[in-house]
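> Could you look at this predicted model? Sequence included:
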Amino acid sequence: MLTNNLGYPRIGSNRELKKACEQFWAGKSTLQNLVQVGKNIRRQNWELQKEKGIDLIPSNDFSFYDQVLDLSLTVGAIPKRYHEVILNKSNTELDLYFAMARGYQKEGLDITAMEMTKWFDTNYHYIVPEFTKDQQFKLFSTKLLDEYNESKRLGIQTKPVLIGPVSYLLLGKEKESGFDRIDLIKNLLPVYIEILKKLEAQQVEWVQFDEPFLSLDLTEKDKAAFKYVYAEIKKQFPKLKTLLATYFEALKDNTELTVGLPVHALHIDLVRNPEQLSTVLAAIPANLVLSIGVVDGRNIWKNDFRASLQLVETAKEKIGASRLIISPSCSLIHSPCDLDLETNEATLTPEIKQWLSFAKQKVEEIVTLKQLAEGDAQVQAKLESNDQANNNRKTSTLIHNPGVKQRVSGITVKDEQRLHPYASRSVVQREALKLPSFPTTTIGSFPQTAEVRSWRARFKKGELSQEAYDALIEKETKETIIFQEETGIDVLVHGEFERNDMVEYFGEQLAGFTFTKNGWVQSYGSRCVKPPIIYGDVHRPAPMTIRWSSFAQSLTDKWVKGMLTGPVTILQWSFVRNDQPRSETCTQIALAIRDEVVDLESAGIKIIQIDEPAIREGLPLRKADWQNYLHWAVRAFRISASGVQDETQIHTHMCYSEFNDIIQNIADMDADVITIECSRSQMELLDAFADFKYPNEIGPGVYDIHSPRVPAKEEMVFLLEKARAVIPSAQLWVNPDCGLKTRHWDETKKALTEMVAAAKVLREYV
Ligand code: GLN
Ligand code: ZN
């Protein structure tokens, strides 16, 4: 029996890589420094895994930005617009790499970055490969070989990891029409062969190919590509030990295809889907080695050794210990680094801490599981302490709140419905709110300046008293209200200055949540997130936003919109408990938000926005599972929104708005107003709403808040005209694409002034 890891976090346990990259980008440190930081992290990771007893230690899992971009550089898939960067002899390979990741503005060149998108259903973002019809590939970067050799020089034999050729093509995008990217497989494979030849010359033993698409819906062409690729590799490298890694879903209808591929070992994810063990074992050919992912690579819970050992036993009985590998479910880059660094008992209590396990601890768990499976008496104590921790978690009063469970089971259809349908609500709302046509509003946050952030930091450190902090936030809020009034915005917001983050702010006030000090996970490039941990039944002990919403409303005669984060988004951006279905946790959060909505209404807030930017990204990887998810996600939103009178107007907001395939579900959410991101697509994303004849009100974003650029009134009039061509004017709102948190005040003021002027132009002639 072997132990294996599919990938280790590369950010460094104190986010060393983030800091080094940002210093380098800012011109404050040298390339040599950055390279050295990378080297140190790799060495530490390899040595740690070796010391803990991992047999198959990954290499090339390190990346300065993203593993997909690494591969694009490896196989020379470099879009033409970067060729000038290559031609400039003073640029290094890393300069080119960062140009592709982040854009390039130097020497009179202004080259846009490559697109970024979510890595399957995780919160990690990868750089999307760009392919053209005549796409050629050639070995360009030797990163993978260099890192393999680097590990060897340290006396550690590693297993290079690379994304398999089929998944690599499927992850990319055709940049011109007239071809199918999967047809590039014949051009691409020779580069893989060349890499493998070089690795073989260096006596490599194992190579890991990540092919997560094998657990997704595949076309016949995709399937043929898999067969072609792995047959070729087998033909040319009959002795190489290839590990084919699948994760994030079960193989399901691709089981037969996958177990039939001529690889040495197959990895399957038994955390996401333990049931697939029996189907895979039933189909497994003699000699195929099986790697079972039993330690959760994507969540922070301590492994349940008894449950894992049962899976190990089942597999062992069928194929024998010698054909078995114990692994995490997927790469550990989705886990925080090291639980040992959580030493602050005020943030993470010892009781909760004993239920958790981060990357370093997960590596230990894998090794312990193997020892236990082999009957090693010396580790018996570890099984007992694992039992103890997990039993403590199962019965802890911190987790279980009968009141919450009862309330969830008592939810009726009435709780999921507003009092009357939108058609009659809208009449009452028009009467009550008296808004002009093309009402203007913003999405919620106003600039979070360095100053505002410094107040919070000082407050958290105890350097500012609650009173002093509140006074500063009051001042900022008041100025923002005055600014919005002066600018002529119709529906105001308080600005969200009191919030660090749209999920953390609520998590900190809800029961059932806890936080870490150092539980960072890479989101993209140097950006890391520190998701809250939902460990227990969620409820709202006290109002969360009334203080600031009421304060803001007291300053003006205009409506101030209450601002909340929706249940699905809170769920999506947290580490979620694994002892009950996600839908159950989501419903609990929905009730907590509902309580807040009702309290806001009682406090005189007539317009309440429940942000759900993450609803789309929560979609399951397999289409067959979509409706089940959408059903509970939409229901959670409706529960949160339906406690109010008809007169109260519920808004929702979503950032990324490609809604074609789920527009019915978006309509089922039944928000009175939805604001969406639209400007970058020149209102094209609105078509889904138009084609569907979306019945409620819509605010298609009229300017892009991701850029400091100030749009002119005319541009926004033009976009509103485009919107008006497909959506009746009476349904339209005027607003930016998203919150203004990351913008500066001067741009914000100018842009919103232009936006209000644009709305006025339309009002004049419509
Ligand atoms: N209300 C939030 C804000 O304005 C919404 C952010 C989001 O959609 N991601 O910041
Ligand atoms: Zn947004």
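Ah, there it is. Ligands and ions are numbered 1, 2, ... in the order given.
> what's around E374, how many residues?
Residues contacting E374 under the criterion other CB atoms under 10 Å number 12. All C-beta atoms are positioned from the backbone trio N, CA, C, and that covers glycine.
> which residues touch it?
Taking CB atoms under 8 Å, 6 or more residues apart in numbering, we find E374 in contact with 1, 321.
> Give me the residues contacting stretch 239-247.
4, 6, 56, 159, 164, 196, 200, 204-212, 214-215, 230, 233-234, 258, 261, 263-269, 272, 291, 293, 297, 325, 329-331.
> Emit the ChimeraX select command for whichever of the residues you listed are buried.
Buried residues within those, by 16 or more other CB atoms under 10 Å, are selected in ChimeraX with:
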select :4,6,56,159,164,196,204,206,207,208,209,210,211,212,214,215,230,233,258,261,263,264,265,266,267,268,269,272,291,293,297,325,329,330,331
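> what about the residue positioned nearest the centre of the chain, distance to D70?
Centroid-nearest residue in the chain, with CA atoms, centre = their mean: N123, separated by 1.5 Å. Between N123 and D70 the distance is 20 Å, computed by CB to CB, to the nearest Å.
> Count residues in the vicinity of the closest residue to ligand 1 within the stretch 401-550 of the chain, would you?
With distances taken as CB to the nearest ligand atom, the stretch 401-550 of the chain approaches ligand 1 most closely at G444, which sits 2.7 Å away. G444 sits with 25 neighbouring residues when counted by other CB under 10 Å.
> from memory it sits against V493, does it?
Yes: between G444 and V493 there is a contact under CB atoms under 8 Å: 5.2 Å.
> Common neighbours of those two, please.
Contact criterion CB under 8 Å, 6+ apart; residues bridging G444 and V493 by contacting each: 561, 563.
> What about the contacts of stretch 239-247, which are in helices?
The helices in this structure, assigned by DSSP state H, contain 196, 200, 230, 233-234, 258 from the contacts of stretch 239-247.
> Please name the nearest non-neighbouring residue to the residue of the chain found nearest ligand 1.
Closest contact between the chain and ligand 1, by CB to the nearest ligand atom, is at G739 (2.0 Å). Spatially, and ignoring its direct neighbours in sequence, G739 is nearest to S445 (3.6 Å; CB to CB, 6 or more residues apart in numbering).
> Might one say that the one you found is in contact with T748?
No: S445 lies out of contact with T748 (CB under 8 Å); the separation is 10.3 Å.
> Need the residues touching each of the two.
Counting by CB under 8 Å, 6+ apart, the common neighbours of S445 and T748 are L740.
> Tell me how far the strand or helix carrying W548 lies from the chain's centre.
For W548, the element it lies in under DSSP states H and E is helix 546-554. For helix 546-554, the separation from the chain centroid amounts to 32 Å (computed by CA atoms, centre = their mean, to the nearest Å).
> Mind giving me the packing neighbours of that helix?
Using 3 or more CB pairs under 8 Å, 6 or more residues apart in numbering; DSSP states H and E as the contact test, the elements touching helix 546-554 are helix 466-487, strand 559-565, helix 582-602.
> strand partners of the shortest one, parallel vs antiparallel please.
Strand partners for strand 559-565, identified by DSSP bridges, are recorded as strand 491-492 (parallel), strand 607-611 (parallel).
> Could I get the full set of helices for the stretch 351-500 of the chain?
Counting by DSSP state H, counting those that start in this stretch, the segments of the stretch 351-500 of the chain that form helices are 359-373, 380-395, 402-409, 422-433, 450-461, 466-487.
> Please identify the deepest-packed of those.
Stretch with highest mean neighbour count among the helices of the stretch 351-500 of the chain: helix 359-373 (a mean of 22; mean count of other CB atoms under 10 Å).
> quick one: average confidence on that helix?
Within the predicted structure, the mean pLDDT of helix 359-373 is 98.
> what angle separates that helix from helix 380-395?
Counting by axes from the mean of the first three to the mean of the last three CA atoms, to 10 degrees, helix 359-373 lies at 120 degrees to helix 380-395.
> Name the residue of the stretch 351-500 of the chain that lies nearest to ligand 2.
With distances taken as CB to the ion, the stretch 351-500 of the chain approaches ligand 2 most closely at I443, which sits 5.8 Å away.
> quick one: F575 from H125, how far?
From F575 over to H125 the distance is 18 Å, taken as CB to CB.
> related to what we said a few turns ago, looking at the strands paired with strand 559-565, which is closest to K405?
Of all these, it is strand 607-611 that lies closest to K405, at 23.5 Å by CB to CB.
> Could you list the residues in contact with that closest one?
433, 443-444, 491, 502, 559-566, 569, 593, 597, 600-601, 637, 640-641, 644, 648-654, 671, 675.
> cool, stretch 142-149 as well?
Looking at stretch 142-149 with CB under 8 Å, 6+ apart, the contacting residues turn out to be 42, 59-60, 62, 70, 73-74, 158, 160, 162, 195, 198-199, 202, 204.
> So which of those residues are in strands?
The members of the contacts of stretch 142-149 that map onto strands under DSSP state E are 59, 158, 160, 162.
> So, low pLDDT: which residues of the chain?
For the chain, no stretch is flagged by pLDDT under 70.
> try 80
656-657 (pLDDT under 80).
> Residue numbers of it in contact with ligand 2?
Listed as neighbours of ligand 2 in the chain under the rule CB under 5 Å from the ion: 613, 655, 738.
> Helices of the stretch 551-700 of the chain, residue ranges please.
Taking DSSP H, counting those that start in this stretch as the criterion, the stretch 551-700 of the chain carries its helices at 567-572, 582-602, 626-641, 663-669, 687-692.
> looking at these, which is buried most?
Taking mean count of other CB under 10 Å as the contact definition, the stretch among the helices of the stretch 551-700 of the chain with the greatest mean neighbour count is helix 567-572, which reaches a mean of 27.
> just how off-centre is it within its chain?
For helix 567-572, the distance from its own C-alpha centre to the chain's C-alpha centre is 11 Å (CA atoms, centre = their mean).
> just the CA coordinates of that helix, formatted as CSV?
Written as CSV, here are the backbone C-alpha positions of helix 567-572 (Å, rounded to 0.1, in the frame of the first residue of the first chain):
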residue,chain,number,x,y,z
PRO,A,567,-27.8,32.5,2.1
VAL,A,568,-26.4,30.8,-1.0
THR,A,569,-23.5,33.2,-1.2
ILE,A,570,-22.7,32.9,2.5
LEU,A,571,-22.7,29.1,2.1
GLN,A,572,-20.6,29.1,-1.1
